[in-house]
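Asker: when you get a sec, could you give me coordinates for this:
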Amino acid sequence: MKVFIFLTLMMAGVLFLPYTGFYTFVKRFIPISGDGEYGMNNFEMTVLLIKTLACALGAGVVITLLRTR
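Answerer: Sure, this is the predicted structure:
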């Protein structure tokens with residue numbers, strides 16, 4: 001049951017969190033190599049991976065808080 005809740009929270013976060021903050025974070029702190037379309041693909045993938053990581057951490061915290069109650 002907790003795995004289902006974790007996956008649901010993670011997917012909801014990935015789908016509904018706005019990209020703006022993640023774009024800004026990647027532009028300021030992570031150098032992206034590549035030129036043209038290749039560089040843009042690297043940038044988009046990096047943003048998606050960071051967003052997924054943030055959502056997974058948030059879902060893990062929620063599951064941990066539910067477990068302690």
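Asker: for this protein, what spans make up the helices?
Answerer: 2-16, 20-29, 37-68 (DSSP state H).
Asker: the second one - contacts with which helices or strands?
Answerer: Where contact means 3 or more CB pairs under 8 Å, 6 or more residues apart in numbering; DSSP states H and E, helix 20-29 is packed against helix 37-68. (Glycine included, C-beta is placed from N, CA and C.)
Asker: helices and strands around the helix it packs on, which ones?
Answerer: Packing partners of helix 37-68 (3+ CB pairs under 8 Å, 6+ apart): helix 2-16, helix 20-29.
Asker: kindly state the pLDDT recorded for the residue nearest the centre of the chain?
Answerer: Centre of the chain computed as the mean C-alpha position; nearest residue by CA atoms, centre = their mean is Lys51, 1.5 Å away. As summarised for this prediction, Lys51 has a pLDDT of 94.
Asker: that one contacts Phe22, correct?
Answerer: Yes: Lys51 is within contact range of Phe22, at 5.1 Å (criterion: CB atoms under 8 Å).
Asker: what does stretch 61-69 rub up against?
Answerer: The set of residues that contact stretch 61-69 without belonging to it, under CB atoms under 8 Å, 6 or more residues apart in numbering, is Lys2, Ile5, Phe6, Leu9.
Asker: kindly recompute the last result at 10 Å.
Answerer: Lys2, Val3, Ile5, Phe6, Leu9, Met10, Gly13 (CB atoms under 10 Å, 6 or more residues apart in numbering).
Asker: before we move on, back to that, so the residue nearest to the centre of the chain touches Gly13, yeah?
Answerer: Yes: counting by CB atoms under 10 Å, a contact exists between Lys51 and Gly13, whose distance comes to 7.9 Å.
Asker: how much space separates Val3 from Ala59?
Answerer: Distance check for Val3 against Ala59: by CB to CB, to the nearest Å, it reads 11 Å.
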